[in-house]
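Colleague: here is my input; please provide its structure:
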Amino acid sequence: MSDKTDDAGIRDFLATLPHASRHTRDAYRRDLLALDAHRSRVGVTHWRDYGAHHLRAFVGEQHRRGIGARSLQRRLSAVRAFYRHLLRRGEAAHNPADLVRAPRTSRHLPKVLDVDQSARLMELPAKDDVLTVRDRAMLELLYGSGLRVSELVGLDLDDLDLADRQIRVWGKGRKQRLVPVGRQAMAALKSWLVHRRKTAAPEERAIFINHRRQRLGVRAVQARLRQWAQRQGLDTHVHPHMLRHSFASHLLESSGDLRAVQELLGHADISTTQIYTHLDFQHLAKVYDSAHPRARRR
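Modeller: Below is the predicted model of the structure:
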């Protein structure tokens with residue numbers, strides 16, 4: 001999507017985001033164009049005169065149109081970033097988004113595999129064909145190190161430290177973190193690297209490659225995981241992020257160390273990680289309901 005817009009302020013702001021993903025830039029552009037349309041409707045000529053009461057009216061209007069709380073939060077985030085840009089340029093005296101709150105989102109607990117389901121998924125056939133060896137390494141890393149699928153496919157050979165059993169992961173916003181690689185994942189990775197050396201294009205640096213000898217894509221990982229889950233007899237839709245959720249939930253349940261789980265997942269804010277404490281409590285509640293004499297139904 002082009003960044004062309006009639007408003008110079010929005011156009012200049014988008015030009016300051018060269019390192020943002022195309023998805024982020026397109027979302028910011030749509031959100032700010034909706035805001036610009038509202039500014040015109042309420043008769044505000046300059047961005048400096050658009051106040052918090054205008055923005056509350058905009059949020060209320062969007063909410064009545066059926067825009068969800070999460071989308072409204074994203075729109076307010078775009079407005080907040082836009083006004084920070086205007087403030088730096090001296091084109092605004094305040095940030096109206098600092099005084100406006102989006103409706104609260106209902107918190108949905110992520111779906112996870114239990115430990116037995118995770119173990120069954122990891123038990124791929126003991127074959128030595130290229131795809132099975134590659135997929136075993138991918139699954140072990142997704143579950144064993146809690147990687148996002150985008151982080152997995154973005155891994156290069158230079159990011160892998162076999163001696164110290166760790167990988168350098170490039171997370172959201174190109175933030176780096178070092179993640180330990182477990183024994184099973186390391187063994188699977190070493191097996192895959194043997195096959196990779198025979199099949200990868202000489203100039204290709206990606207750890208995981210496809211049949212064209214190039215970097216594997218996100219959709220290919222999603223498809224392969226779905227196929228393996230079906231072959232292993234799992235009766236639930238399994239996607240890469242479910243393995244990340246399962247990693248976090250199982251690790252927190254065993255260690256109780258929320259801060260360590262935050263670091264391993266690469267969460268900037270610990271409140272994002274705290275959702276896994278709710279998952280752990282859910283497990284405890286089930287145990288209580290099934291085992292405690294005062295909780296059983298007669």
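Colleague: just the element for L86, please.
Modeller: helix 69-88 (DSSP states H and E).
Colleague: for the next helix or strand after that helix, buried residues please.
Modeller: As assigned by DSSP H and E, the chain's next helix or strand after helix 69-88 is helix 115-122. Using 16 or more other CB atoms under 10 Å as the test for burial, helix 115-122 gives 117-118, 121-122. (Glycine included, C-beta is placed from N, CA and C.)
Colleague: give me the contacts around helix 115-122.
Modeller: 113, 136, 139-140, 143, 184, 228-229, 232-234, 236, 238, 243, 246, 250 (CB atoms under 8 Å, 6 or more residues apart in numbering).
Colleague: now with 10 Å, please.
Modeller: 112-114, 136, 139-140, 142-144, 184-185, 188, 225, 228-229, 231-236, 238, 242-243, 246-247, 249-250, 253-254 (CB atoms under 10 Å, 6 or more residues apart in numbering).
Colleague: likewise stretch 187-202?
Modeller: Against stretch 187-202 from outside (CB under 10 Å, 6+ apart): 122, 124, 128-141, 144, 155, 157, 160, 162, 165, 167, 181-182, 204, 206-215.
Colleague: pull the distance from it to the chain's centre.
Modeller: Offset of stretch 187-202 from its chain centre (CA atoms, centre = their mean, to the nearest Å): 27 Å.
Colleague: what of stretch 205-212?
Modeller: Distance, centroid of stretch 205-212 to centroid of chain: 22 Å (CA atoms, centre = their mean).
Colleague: buried residues in it?
Modeller: 206-209.
Colleague: Three-state assignment for A20, please.
Modeller: Under DSSP: H, G, I helix; E, B strand; the rest coil, the three-state class of A20 is coil.
Colleague: what's the neighbour count on it?
Modeller: 14 (other CB atoms under 10 Å).
Colleague: pull out the buried positions in stretch 75-84.
Modeller: 75-76, 78-79, 81-83.
Colleague: contacts for that stretch next, please.
Modeller: 9-10, 12-14, 16-17, 24, 27-32, 34-36, 47-48, 50, 55, 58-59, 62, 67, 91-92, 94-98, 100-102.
Colleague: if we use 6 Å, what do you get?
Modeller: By CB atoms under 6 Å, 6 or more residues apart in numbering, the residues outside stretch 75-84 that reach it are 13, 28, 31-32, 92, 95, 97, 102.
Colleague: where does the stretch 101-250 of the chain have low pLDDT?
Modeller: 105-107 (pLDDT under 70).
Colleague: repeat that for 50
Modeller: Applying pLDDT under 50 to the stretch 101-250 of the chain flags no residue at all.
Colleague: quickly note the distance from the nearest residue to S71 once chain neighbours are set aside to L76.
Modeller: Nearest residue to S71, sequence neighbours excluded (CB to CB, 6 or more residues apart in numbering): Q62, at 7.9 Å. Noted for Q62: a distance of 10 Å to L76, by CB to CB, to the nearest Å.
Colleague: out of the contacts of stretch 187-202, which sit inside helices?
Modeller: Per DSSP state H, helices hold the following members of the contacts of stretch 187-202: 122, 130-141, 144.
Colleague: and the strands in the chain?
Modeller: 160-161, 166-170, 176-180 (DSSP state E).
Colleague: just those strands: most buried one?
Modeller: Highest mean neighbour count of those: strand 166-170, a mean of 19 (counted as mean count of other CB atoms under 10 Å).
Colleague: tell me what angle that one forms with strand 176-180.
Modeller: 150 degrees (axes from the mean of the first three to the mean of the last three CA atoms, to 10 degrees).
Colleague: now do strand 166-170: which elements does it pack against?
Modeller: Packed against strand 166-170 by the contact rule (3 or more CB pairs under 6 Å, 6 or more residues apart in numbering; DSSP states H and E) you find strand 176-180.
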